[in-house]
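# Dropping a prediction and its sequence here:
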Amino acid sequence: MDKIKLVYIVSEIGKALAFEWITEELNADKFDLSFILINPINDSLHDFLIAHKVPVLVLYAKSKKDWPGAIMKIYRELKYRKADIVHCHLKDATTLGLIAAKMAGIPARIYTRHHSSLHHIYFPKGVWFDKLNNKLATHIISISGLVKKILIEWEGAPENKITLVPHGFRLEDFERRDEQKISALKEKYNPTGKAPVVGVISRFVEWKGVQYVVPAFKKLLQKYPDALLLLFNAHGDYEHVINEQLKELPQESYKAVRFEPEISSVYKMLDIFIHAPIRDHDEAFGQIYVEALAAGVPSVFTLSGIAPDFIEDKKNAVVVPFMNADAVYEAMNVLLSDKELSAAVARGGKESVQGAFSLNRMMKNLEQLYVQSVH
């Protein structure tokens, strides 16, 4: 039986564990995989693919005037590869890839919807492209129930095109402890051993809700004056607001970190993790929900993205209302004062992500869709 020729088209990506995992785990007896990378941020994924002997084409389309040329290059590559399936990821790759695949007569045109309401709320012109993509695709992968709802109810996408495939992870990467890495991170970010340590891994953009965590932590300092707030991915277009809030905290009580590569070990430094998006539809998925629970960190969440699909208050996390700093404070306080509850939600969190978000499950679902899409 001939292998199914599968072409991934991805844009604006650098280091990307998800695509590395897929490359390593995809059944090579069934699928012949290649990549087209559009406007890569760096060479990380390209170099990984070359090292794994996966064919890869890199092209650049920095503005819409470059799109016609890019579409023709993709078209020629798909024809050369005799592609059976294209699977597009992220904004430019999805539109350019689906147009080229339609022109090339590719029978299975799949894209994964990685955003939820972003265009509807912040970039209304982008909704036109979302609807175009929905029309060009033969199959749409929704990464959460919330994204499926937006596709159907907000954009009129046919339900029979949509398949729910949540992200999968190598959860063991977040479960294991690397004491050397943890020790190095503590020396870097908490050399004096402050406690409790509260962690946030969110860009400084309005919808991530960091502006409700900082005042909650300020209040927590009254009860726990030696507490430490660690803010990772601390950059974005809402910096001016959050940085003003941080000025109200003692300088030694927080650290704002733009980038930290060892995020899986960061979780092991934390007593509490917080993720507080301001609306249910802001996150499309929110992988840090899964990562924090896999790492066993007692967590405080608002329910956005994938969270409503599996988070239950005081079973696997403490759930708080949107845009409510007082509720975030109370949740932190209860986890710190009730050790039994803290241990229970940490245990429940680990149990709730096992299986449901395993890499094996995601790969099984993807491969099943690929086979169905060409038969």
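That came in fine, so what should we check first?
# continuing past the helix or strand residue 76 falls within, what's the next helix or strand?
Using DSSP states H and E, residue 76 sits within helix 67-81. Toward the C-terminus, helix 67-81 is succeeded by strand 85-89 as the next helix or strand (DSSP H and E).
# strand partners of that following strand, parallel vs antiparallel please.
Partners of strand 85-89 in the sheet, by DSSP bridges, are strand 4-11 (parallel), strand 108-113 (parallel).
# how far out from the middle of the chain is it?
Taking C-alpha atoms, centre = their mean, to the nearest Å, one finds the center of strand 85-89 at 18 Å from the center of the full chain.
# ok, residues contacting it?
With C-beta atoms under 8 Å, 6 or more residues apart in numbering as the test, strand 85-89 has contacts from 4-11, 13, 19, 78, 94, 97-98, 101, 106-112, 114, 370, 373-374. (Each C-beta comes from the backbone N, C-alpha and C, glycine too.)
# and that strand with helix 67-81, angle?
Calculated by axes from the mean of the first three to the mean of the last three C-alpha atoms, to 10 degrees, strand 85-89 forms an angle of 140 degrees with helix 67-81.
# For the remainder of this discussion, apply numbering that starts at 232.
Okay, using 232 as the starting number, the last item reads as strand 316-320.
# Which positions within strand 316-320 qualify as buried?
Using 16 or more other C-beta atoms under 10 Å as the test for burial, strand 316-320 gives 316, 317, 318, 319, 320.
# Make JSON lines out of the strands paired with strand 316-320 and add mean pLDDT and mean neighbour count.
Shown next, in JSON lines, are the strands paired with strand 316-320 (pLDDT from 0 to 100; neighbours: other C-beta atoms under 10 Å):
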{"stretch": "strand 235-242", "mean pLDDT": "98", "mean neighbour count": "24"}
{"stretch": "strand 339-344", "mean pLDDT": "99", "mean neighbour count": "24"}
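# Using CSV, lay out those together with distance to residue 276.
Shown next, in CSV, are the strands paired with strand 316-320 (distance: least, C-beta to C-beta, whole Å):
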stretch, distance to residue 276
strand 235-242, 7
strand 339-344, 16
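# Check the gap between residue 474 and residue 528 for me.
Residue 474 is 25 Å from residue 528, where distance means C-beta to C-beta, to the nearest Å.
# who has more neighbours, these two?
Using other C-beta atoms under 10 Å, the more surrounded residue of residue 474 and residue 528 is residue 528, with 26 against 13.
# Name the SS class of the nearest residue to the more buried one once chain neighbours are set aside, please.
In space, residue 528 comes closest to residue 504 once its chain neighbours are excluded; the distance is 4.3 Å by C-beta to C-beta, 6 or more residues apart in numbering. State at residue 504, reduced to three classes by DSSP: H, G, I helix; E, B strand; the rest coil: strand.
# How many neighbouring residues does residue 504 have?
By other C-beta under 10 Å, 26 other residues sit near residue 504.
# Hmm, residue 525 and it touching each other?
No - counting by C-beta atoms under 8 Å, residue 504 stays clear of residue 525, with 11.2 Å between them.
# who touches both of these two?
Overlap of the contact sets of residue 504 and residue 525 (by C-beta under 8 Å, 6+ apart) is empty.
# quick one: the strands in the stretch 282-431 of the chain?
Using DSSP state E, counting those that start in this stretch, the strands of the stretch 282-431 of the chain run over 287-290, 316-320, 339-344, 370-373, 393-395, 428-432.
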